[in-house]
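A.B. asks: Predicted structure and sequence below. I'll ask about it afterward.
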Amino acid sequence: MVELLESFKIEVPSGIFIKDPETSSLGKRIVKHSILLIDQLGFEQFTFKKLGEAINSNESSIYRYFESKHHLLMYLTSWYWVWIEYQLMLETYALKNPEKKLKKSVAVLTRTTKEDSNFEHINEVILNKIVINENAKVYLTCDVDTENEEGFFMPYKRVVKRFASIILEFNTTYKYPLSLANTIIEGALQQHFFKNHFKNITNCDEKTSVTKFYTNLIFNTLKYEK
């Protein structure tokens with residue numbers, strides 16, 4: 001595990017992009033400024049033309065990396081979930097106590113994101129905001145089954161399965177680990193959204209964090225099932 005963590009590299013499923021943006025300075029600028037622009041405009045108003053203007057490049061140059069803005073959004077969210085998987089491994093691999101490991105996992109998956117200086121061209125804080133606001137748009141499409149078969153959602157699914165395995169370490173007889181795992185991961189995004197926009201329908205606020213809520217939920221659920 002130590003060697004795995006030391007050699008860990010962010011790898012997005014290759015079918016999502018035409019040319020890997022990590023292989024050139026232009027590609028990294030596309031990624032960097034797409035994050036800033038989607039955050040500023042929202043995904044609906046974001047276009048490759050506007051992105052081209054932001055990076056002083058032709059719109060056609062962006063199409064050499066991504067065939068559509070949907071694929072670019074898939075790239076950004078996939079990158080985020082690989083990064084989250086890395087955080088999950090990094091912060092739990094040395095924990096032997098199942099309760100402490102589960103508690104730390106919930107924290108990693110539900111907490112407010114902090115910027116990681118290891119990736120200069122990606123602002124993880126802003127990317128987290130995009131995932132909170134736009135993540136569902138990646139798979140709520142008529143092409144979801146085809147894209148799933150092509151492995152486009154593997155980073156997200158790996159996080160769910162890794163979290164589910166940690167749930168089972170704490171309660172080996174629990175019958176619904178995958179459903180509980182994806183409920184907490186998706187629910188955390190929704191609670192962060194509600195906390196920012198629909199404050200009157202959530203108990204999460206400055207005093208009650210999303211992490212505190214889901215820690216309470218998961219331990220009460222799993223202890224009840226024992």
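C.D. replies: Alright, I've got the coordinates. Residues are numbered from 1 along each chain as shown.

A.B. asks: now the longest helix along the chain: mean pLDDT?
C.D. replies: Longest helix in the chain by number of residues, with DSSP state H as the criterion: helix 69-92. The average pLDDT for helix 69-92 rounds to 96.

A.B. asks: now stretch 118-131
C.D. replies: 92.

A.B. asks: Would you mind writing the CA trace of it as PDB?
C.D. replies: Extracted as PDB, the C-alpha positions of stretch 118-131 are listed here (Å, rounded to 0.1, in the frame of the first residue of the first chain):
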ATOM      1  CA  ASN A 118       0.400  18.900  -5.600                       C
ATOM      2  CA  PHE A 119      -1.600  19.900  -8.600                       C
ATOM      3  CA  GLU A 120      -0.900  23.500  -9.600                       C
ATOM      4  CA  HIS A 121      -3.200  23.700 -12.600                       C
ATOM      5  CA  ILE A 122      -6.300  22.400 -10.700                       C
ATOM      6  CA  ASN A 123      -8.000  24.300  -7.900                       C
ATOM      7  CA  GLU A 124      -9.600  21.500  -5.900                       C
ATOM      8  CA  VAL A 125     -11.800  23.900  -3.900                       C
ATOM      9  CA  ILE A 126     -13.400  25.300  -7.000                       C
ATOM     10  CA  LEU A 127     -13.600  21.900  -8.600                       C
ATOM     11  CA  ASN A 128     -15.400  20.600  -5.500                       C
ATOM     12  CA  LYS A 129     -18.000  23.400  -6.000                       C
ATOM     13  CA  ILE A 130     -18.500  22.300  -9.600                       C
ATOM     14  CA  VAL A 131     -19.000  18.700  -8.400                       C
END
